[in-house]
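Enquirer: the following block contains a protein sequence and its predicted model.
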2 protein chains.
Amino acid sequence: MPGPESASREGARQSTLRTTNLALTLRTVCAVPLSSRADVAAATGMSRATAARLVDELVAAGLVNEVGRVLPARRGRPATPLVPGSPLALGLQVDVGLLTARVLDLGGRVVAEAVEEGTFVAGDPADTLTRLAGLAAGILDALPADRRLIGAGLALPGIVDEAAGVLLRAPNLGWSDLRPAPFLRDVLPPGLDLRLGNEADLAARTVAEAAPGRLGAHRDFLYLSGQIGIGGAAVLDGRVMAGRSGWAGEIGHVCVDPAGPACRCGSTGCLEQYAGRHALMTAAALPLDAAPGELAARAAAGDPAARRALGIAAHALGVALAGVINVLDIPTVVLGGSLGELTEQLRPELEDSLSRRVLSARWRRPTIESAGRAVAAGATGAAFRAFADVLANPSRYLG
Amino acid sequence: MPGPESASREGARQSTLRTTNLALTLRTVCAVPLSSRADVAAATGMSRATAARLVDELVAAGLVNEVGRVLPARRGRPATPLVPGSPLALGLQVDVGLLTARVLDLGGRVVAEAVEEGTFVAGDPADTLTRLAGLAAGILDALPADRRLIGAGLALPGIVDEAAGVLLRAPNLGWSDLRPAPFLRDVLPPGLDLRLGNEADLAARTVAEAAPGRLGAHRDFLYLSGQIGIGGAAVLDGRVMAGRSGWAGEIGHVCVDPAGPACRCGSTGCLEQYAGRHALMTAAALPLDAAPGELAARAAAGDPAARRALGIAAHALGVALAGVINVLDIPTVVLGGSLGELTEQLRPELEDSLSRRVLSARWRRPTIESAGRAVAAGATGAAFRAFADVLANPSRYLG
DNA sequence: GGCATTATGTTCCAGGGCGAAACAAACCCT
DNA sequence: AGGGTTTGTTTCGCCCTGGAACATAATGCC
């Protein structure tokens, strides 16, 4: 049902009412698991009669499950605790160093997982995607036969045309104009499409949502995914801004210094040239494939090259992020990937820089946080996005 | 009625259905004036019966008017053309060189207007706002007594706390921590609040909407308001991105060169230092208050200082806008204010620069446009915003 | 242990809003 | 003048929700 500001021009009818409230009911149960029917009614303002009707429908469809009572008993008739149901989604991720396949349930729990380390820089797409398909097949085959897969997504470190299902360009993988779906088609249940997504956009979802429909640590933040390149996403009111074509978030190519070194993107002085993994390791006199933790350790031990590398990165991040915060007024920054592991080393200079360069810093000081040490957050985010479709319109999944 | 992704957790009921469809009906009439009841039904997918019921209600409330037939007669029973109704909104604007008061009707027509030129840089707020109140009183008193004012807004060139009704800082006016409402309270009908807004945000609305509810030239674009400072706004799907506190759009303080000149904001190398009005005129060896048209004329005549000034500005705009476009994927830029008058001079170098620096330019080339020569677009935008409240929920205005 | 209390979940009915279809109205075209 | 066509209106039934009463299952107190 369209919001008042929405561009949608569809008239609402009785069935729309049903659809909307069904979705709201499911979101409410996901937002606060172990809610009772009465809790749903209270949270939504609906009558208990209506909430119960809707919950019953969701239970019948398997989207919500009733569990035996686990709550400390209070006065009155005991409630029937409700939890998100059993549907599953598959999240996949291809990274320069890791292939991941992960199955989540609607409650956000990892039901099955398989990872494979390797070096996929400039690897053959067919080979790499076939190996990923193997991982996916392994965990899908091991699932109980009665569990339904409602969606599948693939997180990729590059620019994606989601509607067409094409990876346009992933510089670090060395791939371009690639259609990954055929390699995975046989693994997926018939009729299920593979949705592509940018790794940073999808990883950002895991910060916005702790589980499908459940609020995460922040609703408004900038997410930075530091790998070899630097991807990013702006999240406002829990929604990842996709931009006009879904190509938003390329913060790695924001210009930090027009007189700076040339970037392979064709521009000069891109953030990536200062805070990307290769730039960091080179400046710190470490091998290109060194672990971020090693860099952090050396800096903590006082290694001058390491400290200088982090100083350069913090300065560049400050310039680039200040620009974004000035334009978007999103003063919360979450660092993921290798940058996330360097948060503590980057924070002092970075927060200081932002305080100077962000116009509204005097009223609200920008903050820097780490996304934590989650492996292949993009895969989890890809599954979350599949569940978001269910949460937006559960009616389509009632059959 | 909340959209599926919305954070709103209100259950929808029958009355919500009514409210939503009433709003949709009004928006449809505004989007395509001279629609008939049958047109509304066709556009929304509602039955003719429902569309007619809703239109009747809006007509009774005065939000929609029936006009005598003006359409070329076709076969069949002639339609009853509908147009947006008579409610009025007041838009005000304080600028460094101009005070504006403007009354619009729901169709977007200017019903009354008063402007006063002057120099309000570092002027006394009480004096300036009292003069603005005088302008407003003049045009409001001259309106027919039966026409109802449904809202009033004030566009200001600075950072605004809209909820509190406080102008936090307007550097070019020299104002800070100011509450303008008291100066205008006596002018407004009792019970009507004055909503503040950033000038660029509101001016951007006039690009997104040709009239309240009617689509404008673009739905996704970056708006730049070039005055002494440079304000801006990012518009996505017709909505101005406000950011977490409504302080978004400060593109004038995006860093173009960290080694550049100090800006009064505390940062260095801000866009404003290269493409702001003072910077432009200084570089062109023109007086600070020269007209942008003069600069354009000199550049066209081959004046080297003028051409160099424009070259510097175009370069700086290219760096700053490329960063924003990389992050937001909004490849359409609309230049307003004095920058708008220089569009033709800036375009070649600017578009070239964006093509090099924007990562997705190879798939979609960024474009530059002029907002045209509208005077005090912020005042119009302030009135548009007031009407947006009506369009979002006409039920509240039925009485 | 029995009973009052309390909260949950269910059932029944009424009201509001929309859609479908029939009907009325007003015009064009031949 | 009459048929055809489109708009606007009316009537009726269906669907969804709310409200109130009822049934249920626990606690707490005596």
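Expert: Alright, I've got the coordinates. Numbering: from 1, shown residues only, chains lettered A, B, ... in the order given.
Enquirer: in chain A, which residue sits nearest DNA strand C?
Expert: residue A:76 (2.2 Å; Cβ to the nearest atom of the strand). Yep, even glycine has a C-beta here, placed from its N, CA and C like the rest.
Enquirer: against residue A:35, how distant is that residue?
Expert: 16 Å (Cβ to Cβ, to the nearest Å).
Enquirer: what of residue A:118?
Expert: Look at residue A:118 and residue A:35: by Cβ to Cβ, they are 43 Å apart.
Enquirer: check residue A:119 too.
Expert: With distances taken as Cβ to Cβ, residue A:119 is found 46 Å from residue A:35.
Enquirer: now residue A:59, nearest residue through space, not along the chain?
Expert: residue A:66 (6.1 Å; Cβ to Cβ, 6 or more residues apart in numbering or on different chains).
Enquirer: isn't the one you found up against residue A:82?
Expert: Yes: at 6.1 Å, residue A:66 and residue A:82 qualify as touching, with contact defined as Cβ atoms under 8 Å.
Enquirer: could you give the number of residues near residue A:219?
Expert: Residues near residue A:219, counting by other Cβ atoms under 10 Å in any protein chain shown, number 17.
Enquirer: you'd agree it is in a helix?
Expert: No: under DSSP: H, G, I helix; E, B strand; the rest coil, residue A:219 sits outside any helix and is assigned coil.
Enquirer: test my guess that it contacts residue A:210.
Expert: No: in this structure residue A:219 lies outside contact range of residue A:210 using Cβ under 8 Å: 11.6 Å.
Enquirer: re the thing from before, what touches both of residue A:66 and residue A:82?
Expert: Listed as contacting both residue A:66 and residue A:82 by Cβ atoms under 8 Å, 6 or more residues apart in numbering or on different chains are residue A:59.
Enquirer: looking at those two, which is more packed in?
Expert: The residue with more neighbours, out of residue A:66 and residue A:82, is residue A:82; 26 against 15, by other Cβ under 10 Å.
Enquirer: got any ranges where the stretch 201-350 of chain A has weak pLDDT?
Expert: Applying pLDDT under 70 to the stretch 201-350 of chain A picks out no residues at all.
Enquirer: quick revisit: okay, residue A:118 and residue A:35: which has more neighbours?
Expert: residue A:35 (24 against 13).
Enquirer: pLDDT wise, what is the more buried one at?
Expert: pLDDT recorded at residue A:35 is 95.
Enquirer: what does the stretch 51-200 of chain A have sitting close to DNA strand C?
Expert: Contacts of the stretch 51-200 of chain A with DNA strand C, taken as Cβ under 7 Å from any atom of the strand, map to A:52, A:53, A:56, A:74, A:75, A:76, A:77, A:78, A:79, A:80.
Enquirer: where along the stretch 101-250 of chain A do the helices fall?
Expert: A:125-141, A:181-184, A:199-208 (DSSP state H, counting those that start in this stretch).
Enquirer: how many residues are close by the closest residue to residue A:331 other than its chain neighbours?
Expert: Nearest non-adjacent residue to residue A:331, counting by Cβ to Cβ, 6+ apart: residue A:366, 4.1 Å away. When counting by other Cβ under 10 Å, one arrives at 22 neighbours for residue A:366.
Enquirer: thought residue A:366 was touching residue A:358?
Expert: Yes: here residue A:366 reaches residue A:358: they are 5.6 Å apart, a contact under Cβ under 8 Å.
Enquirer: shared neighbours of those two, anything?
Expert: A:325, A:331.
Enquirer: residue A:310 - nearest residue in space that isn't next to it in sequence?
Expert: Nearest to residue A:310 is residue A:345, by Cβ to Cβ, 6+ apart, at 5.0 Å.
Enquirer: how many neighbouring residues does the one you found have?
Expert: By other Cβ under 10 Å, neighbour count at residue A:345 equals 23.
Enquirer: roughly how far is whichever strand or helix holds it from the heart of the chain?
Expert: Taking DSSP states H and E as the criterion, residue A:345 maps to helix A:343-357. In terms of Cα atoms, centre = their mean, to the nearest Å, the centre of helix A:343-357 is set 24 Å apart from its chain centre.
Enquirer: which bits of the stretch 151-300 of chain A sit near chain B?
Expert: Near chain B, the residues belonging to the stretch 151-300 of chain A are A:159, A:168, A:219-220, A:232, A:234, A:236-239, A:241-251, A:253-259, A:265-267 when assessed by Cβ under 8 Å from any Cβ of the partner chain.
Enquirer: returning to that earlier point: in TSV: the residues of the stretch 51-200 of chain A next to DNA strand C, plus pLDDT.
Expert: Below are these laid out as TSV (pLDDT from 0 to 100):
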residue	pLDDT
A:52	98
A:53	98
A:56	98
A:74	82
A:75	88
A:76	88
A:77	91
A:78	91
A:79	92
A:80	94
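Enquirer: of those residues, buried ones?
Expert: A:52, A:53, A:79, A:80 (16 or more other Cβ atoms under 10 Å in any protein chain shown).
Enquirer: got JSON lines for the residues you listed, with secondary structure too?
Expert: Shown next, in JSON lines, are those (three-state DSSP):
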{"residue": "A:52", "secondary structure": "helix"}
{"residue": "A:53", "secondary structure": "helix"}
{"residue": "A:79", "secondary structure": "coil"}
{"residue": "A:80", "secondary structure": "coil"}
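Enquirer: out of those, which touch DNA strand D?
Expert: Those of these which are also neighbours of DNA strand D are residue A:53, as judged by Cβ under 7 Å from any atom of the strand.
Enquirer: now residue A:313, nearest residue through space, not along the chain?
Expert: Spatial nearest neighbour of residue A:313, chain neighbours left out: residue A:275 (3.9 Å); criterion: Cβ to Cβ, 6+ apart.
Enquirer: what about that neighbour, how many residues close to it?
Expert: When neighbours are counted by other Cβ under 10 Å, residue A:275 registers 29.
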